[in-house]
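**Student:** below are the sequence and a predicted model; questions follow.
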Amino acid sequence: MGEVLVITSGKGGVGKTTTTANLGTGLAQLGKKVVVIDADIGLRNLDVVLGLENRIVYDLVDVVEGTCRLKQALIKDKRYPELFLLPAAQTRDKNAVSPEQMKALNDELKEIFDYVLVDCPAGIEQGFRNAISGADKAVVVTTPEISAVRDADRIIGLLEAAELRNPKLIINRLKIDMVRRGDMMNIEDMLDILAIDLLGVVPDDQAIVISTNRGEPVADGSMSQAGQAFRNIARRITGEEVPFLDLDLQDNLVHRLKKILGFAK
Amino acid sequence: MEENKSVEFKGTGQGLAIRVHLYHENQQIKDIIQQRINENPSFYKGATVADLTCESLSETSKKELEQWLADEYGMIINSKSNGARIKQDEEKNILPRQILKNDSFEENKEYGTKFVEGTLRSGQIIEHPGDVVIIGDVNPGAEISAGGNIVVMGILRGIAHAGIHGKTDAFVAASVLQPTQLRIHQTITRSPDDVLDRSKNPEIAKLKDQIICVEPF
């Protein structure tokens, strides 16, 4: 019996879809059977980020309406045979699916897969209600901006009201040098406000932009910091204890090198 | 004013004719119709809808809209479009090849060619039982499905499905052919994963021995 995780944030553009794609990839690397569901009906993106857009024939709405069987709509990933995508419909809207239908779908998928990751749309309306119904656990993604943290706080409240207790936090797009200068919220500030467990911190990384445009998740073998961070989070989801990336370390190394070469004090 | 023009109400001998002109989402169209009906609710209540035309909406969205009118305002849906749809459904049940042999030419004559001007954007669908000509681009996420052929006078980047009702000699032609997916009758093909040096010249896709072949023209 698998586990359904919903990945949500409230605010748009903080990296829900990127996180979902990378955690799906990271879990598949660990040999888990994973399905990622795009719940953003009408504004689907997960298929593009995974590079699977041209394979879509049937989608989530087709499954729910009985136009096709569940297995017909599942798209196998290019790289990992144990990773599947259930795409959203692009030509419909959020009202095409009800929370009850999503729950039934999640229950069915749970029987087949170890992990079901649901990519939640931005906002707190019907799309959000659909995405969280049937979820066992929730992951809240935020960026170190006051607006994103405010929305994350609201979402945590709504999740608790929906009986999804103890959501976990992922802080995305942290700029270490800005934090050091005191220009960006630091991790402690955010944890103080949100008061939930930290699942991981993903540094801001240009590799994400490149990988998203290519349709290859950064967690897939990339040497980038963000890729490593996502792989660590995937391992933490499986229950493994993984120490947090010491984001200062690599910078210190550079700093030390510079010092040796006489570029820095 | 703009909004009032986009949805047109007309009284005819058979009842009310509603025409939706703009490319709107279902919900927006509902809102506009609701606004109009609320101006004079008693007049519209229980009215017979003789005809509901909305070019931008797919068959399913249209069905939903009709159902909504019936549920919300007790309107009686008795439209020509209903009749047309039943006919279409029946046609789907006929063996595809039969249509092809007997009256593929007549079929096209009956439905005519649909011309669409402008860019077709993600999430928009054009459905037509005859031929479809798009004068503009078709972006990724947009879909065209036609009973006959599809011609795009622009860049085709979305999904094109020609010959949906069994016309196996249907073709898809575009000034620049870079579709996400191509479908002709019951054959599906997708673009290669690695971006090759794609042709920037006009190309045409046809079905040959159950395989979709693309060649310049």
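**Tutor:** It's in.
**Student:** rest of the way, CA atoms for contacts and neighbours
**Tutor:** Noted.
**Student:** how about stretch B:116-124: buried residues?
**Tutor:** B:119, B:120, B:121, B:122, B:123, B:124 (16 or more other Cα atoms under 10 Å in any protein chain shown).
**Student:** among these, which pair sits farthest apart?
**Tutor:** Taking Cα to Cα, the two most distant members of those are B:119 and B:123; they sit 11.9 Å apart.
**Student:** any weak-confidence spans in chain B?
**Tutor:** In the prediction, chain B carries residues with pLDDT under 70 at positions B:1-5, B:12-14, B:21-24, B:54-57, B:78-109, B:195-197.
**Student:** which SS class is the closest residue to chain A within it?
**Tutor:** Residue nearest to chain A within chain B: residue B:123 (4.3 Å; Cα to the nearest Cα). Following DSSP: H, G, I helix; E, B strand; the rest coil, the label given to residue B:123 is coil.
**Student:** next: residue B:43.
**Tutor:** helix.
**Student:** in chain A, which spans are strands?
**Tutor:** A:3-8, A:34-38, A:75-76, A:83-86, A:115-119, A:137-142, A:168-174, A:197-203 (DSSP state E).
**Student:** so which of these is nearest chain B?
**Tutor:** Closest to chain B of the strands of chain A is strand A:75-76 (Cα to the nearest Cα; 13.5 Å).
**Student:** hang on, the earlier thing: turn the strands of chain A into CSV, columns for mean neighbour count, distance to residue B:60 and mean pLDDT.
**Tutor:** Shown next, in CSV, are those (neighbours: other Cα atoms under 10 Å in any protein chain shown; distance: least, Cα to Cα, whole Å; pLDDT from 0 to 100):
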stretch, mean neighbour count, distance to residue B:60, mean pLDDT
strand A:3-8, 26, 29, 97
strand A:34-38, 28, 22, 98
strand A:75-76, 20, 24, 97
strand A:83-86, 25, 21, 98
strand A:115-119, 26, 26, 98
strand A:137-142, 24, 34, 97
strand A:168-174, 22, 39, 96
strand A:197-203, 20, 42, 95
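**Student:** helices of the chain, start to end?
**Tutor:** No chain specified, so I'll use chain A. Under the criterion DSSP state H, chain A contains helices at A:16-29, A:46-49, A:60-65, A:70-73, A:99-112, A:126-132, A:146-161, A:176-181, A:187-194, A:206-214, A:225-237, A:247-261.
**Student:** hmm, I had chain B in mind actually
**Tutor:** Under DSSP H, chain B gives helices at B:2-6, B:26-39, B:41-44, B:59-73, B:80-93, B:96-111.
**Student:** for the fourth one, report the contacting residues that lie outside it.
**Tutor:** Outside helix B:59-73, the residues that touch it by Cα atoms under 8 Å, 6 or more residues apart in numbering or on different chains are B:26, B:30, B:44, B:45, B:46, B:52, B:54, B:75, B:76, B:77, B:127.
**Student:** let's see that with 6 Å instead.
**Tutor:** With contacts defined as Cα atoms under 6 Å, 6 or more residues apart in numbering or on different chains, helix B:59-73 is touched by B:45, B:75.
**Student:** and that helix, what's buried?
**Tutor:** Neighbour-count burial for helix B:59-73 flags B:59, B:61, B:62, B:65, B:66, B:69, B:70, B:73 (criterion: 16+ other Cα under 10 Å).
**Student:** for chain B, what's its nearest residue on chain A.
**Tutor:** Nearest residue of chain A to chain B: residue A:91, at 4.3 Å (Cα to the nearest Cα).
**Student:** tell me the contacts of that residue?
**Tutor:** Contacts were defined as Cα under 6 Å, 6+ apart; by that measure residue A:91 touches A:42, B:123.
**Student:** 7 Å instead?
**Tutor:** Residues in contact with residue A:91 (Cα atoms under 7 Å, 6 or more residues apart in numbering or on different chains) are A:42, B:123, B:124.
**Student:** could those go into TSV alongside distance to residue B:171?
**Tutor:** Formatted as TSV, the contacts of residue A:91 follow (distance: Cα to Cα, whole Å):
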residue	distance to residue B:171
A:42	28
B:123	23
B:124	21
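**Student:** for residue A:114, state which of those residues is nearest.
**Tutor:** When the contacts of residue A:91 are compared against residue A:114 (criterion: Cα to Cα), the nearest one is residue A:42, at 27.4 Å.
**Student:** grab the nearest non-local neighbour of that closest one.
**Tutor:** In this structure, residue A:42 finds its nearest non-sequential neighbour in residue A:90, 4.2 Å apart by Cα to Cα, 6 or more residues apart in numbering or on different chains.
**Student:** if we can go back for a sec, would you list the strands of chain A in TSV and tack on distance to residue A:19?
**Tutor:** TSV is the format used below for these (distance: least, Cα to Cα, whole Å):
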stretch	distance to residue A:19
strand A:3-8	8
strand A:34-38	11
strand A:75-76	19
strand A:83-86	14
strand A:115-119	9
strand A:137-142	8
strand A:168-174	9
strand A:197-203	9
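**Student:** roughly how far does the residue most central in space within chain B sit from residue A:67?
**Tutor:** Nearest to the mean C-alpha position of chain B, by Cα atoms, centre = their mean, lies residue B:127 at 1.5 Å. Distance of residue B:127 to residue A:67, given as Cα to Cα, to the nearest Å: 18 Å.
**Student:** that older thread, how much space between the residue of chain A closest to chain B and residue A:40?
**Tutor:** Per Cα to Cα, residue A:91 is found 11 Å from residue A:40.
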